[in-house]
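Chemist: Need a 3D model of the sequence below.
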Amino acid sequence: MDIHSATRSVQRVVTGMPTSDGAGVKLTRVIGQELLPDLDPFLLLDEFGTDKPEDYIAGFPDHPHRGFETVTYMLEGRMRHRDNHGNEGVLVPGSVQWMTAGRGLVHSEMPEQQQGRMRGFQLWLNLPAREKMTAPRYQEFGPERIPSATPAAGVTVKVIAGRVGDVAGPIQQPATDPTYLDLSIRPGAQFVQSLPPDYAGFLYVFEGAARVGTEPGAKAVQAHELAVLGEGDEIRITGVSAGADGGTARAILVAGRPLREAVARYGPFVMNTREELQQAFADFQSGRF
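Modeler: Next up, the predicted model:
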């Protein structure tokens, strides 16, 4: 394979759909909607971002999970989480919570503020069948523990999971071996990142605009668009001017090993068979979470 065929291209571009979840929190659902139901191993990607308290103040009261992982990355605002196993903490700007629901828990995620901007992402990753009934656990890191890399002029990367050069992120999950990067790319600057060629991957731009791939087939991705990436062992992302005043492109780049397993999914439960789903409901209703 030569270097040109190894560079990932954009298979398709998807725009998020407005929705609400929890106690009426307004969200943009990017993965997990009709246009992109999933992207194995990724089950859902929600972007939340508003300075209107009425859009988020009711939060996400107690709700159950089983069989997958949730990743909450806060850009702005504060969110308190509690669960029925006695875990509690506050997510502040720049912090990450990687929660493995495993065999089940009941938790809440409630705003720790009455006003101001709340912005961030929640990503759901599937667990392989062999790990769906493991004990729940958390990997939680404040902003001071998320390392940054500067791989090129005009490029800054916060490394949540995976590796950029010699900089490794703190999150570890051998099952899906994820990469999760928060990118800032100035217009004209280029970021090149190696990825395993068969891993699923996407780029979600949340500010500015970026160009993905190499010419002549490079594809522009605008703010609030998700680019589904084709196969290849590297991705090239170039910042482009967006609007009259240009501006830095901000995006998350996420990739992971596909599980290629049957998915039985309903609401907060993700299992492999219908029978396992029914058991999850029965276990929750009888208090076994």
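Chemist: helices and strands of this protein: which one bottoms out on pLDDT?
Modeler: Lowest on mean pLDDT, DSSP states H and E among the helices and strands of the chain sits helix 3-6, with a mean of 56.
Chemist: State the next helix or strand along the chain beyond that helix.
Modeler: Using DSSP states H and E, the helix or strand that follows helix 3-6 towards the C-terminus is strand 10-15.
Chemist: need the contact list for the closest residue to Pro170 other than its chain neighbours.
Modeler: Leaving aside its chain neighbours, Pro170 sits nearest to Phe141 (5.1 Å; criterion: Cβ to Cβ, 6 or more residues apart in numbering). Yep, even glycine has a C-beta here, placed from its N, CA and C like the rest. Going by Cβ atoms under 8 Å, 6 or more residues apart in numbering, Phe141 touches 95-96, 170-171.
Chemist: let's go with 7 Å and repeat that
Modeler: By Cβ atoms under 7 Å, 6 or more residues apart in numbering, the contact list for Phe141 reads 95-96, 170.
Chemist: Among these, which ones are in strands?
Modeler: Val96 (DSSP state E).
Chemist: Any of the contacts of Phe141 buried? List them.
Modeler: Buried residues within the contacts of Phe141, counting neighbours by 16 or more other Cβ atoms under 10 Å: 95-96.
Chemist: before we move on, the earlier item: does the residue nearest to Pro170 have beta-bridge partners, and which?
Modeler: Beta-bridge partners for Phe141, by DSSP bridges, are Val96.
Chemist: Compute the distance between it and Glu231, please.
Modeler: Separation of Phe141 from Glu231 (Cβ to Cβ, to the nearest Å) stands at 30 Å.
Chemist: before we move on, what about Pro268?
Modeler: To Glu231, Pro268 is 32 Å away according to Cβ to Cβ.
Chemist: Over to His85?
Modeler: His85 is 39 Å from Glu231, by Cβ to Cβ.
Chemist: Would you mind confirming that Met110 is in contact with Asp62?
Modeler: No - the pair Met110 / Asp62 is not scored as a contact, 9.9 Å apart, by Cβ atoms under 7 Å.
Chemist: Could you check which of those two has the larger neighbour count?
Modeler: Comparing Met110 with Asp62 by other Cβ atoms under 10 Å, the one with more neighbours is Met110, at 18 against 12.
Chemist: Which residue, other than its chain neighbours, is closest to that one?
Modeler: Going by Cβ to Cβ, 6+ apart, Met110 has Gly59 as its nearest residue, at 3.8 Å.
Chemist: who's in contact with the one you found?
Modeler: Neighbouring residues of Gly59 by Cβ under 7 Å, 6+ apart: 22-23, 25, 109-111.
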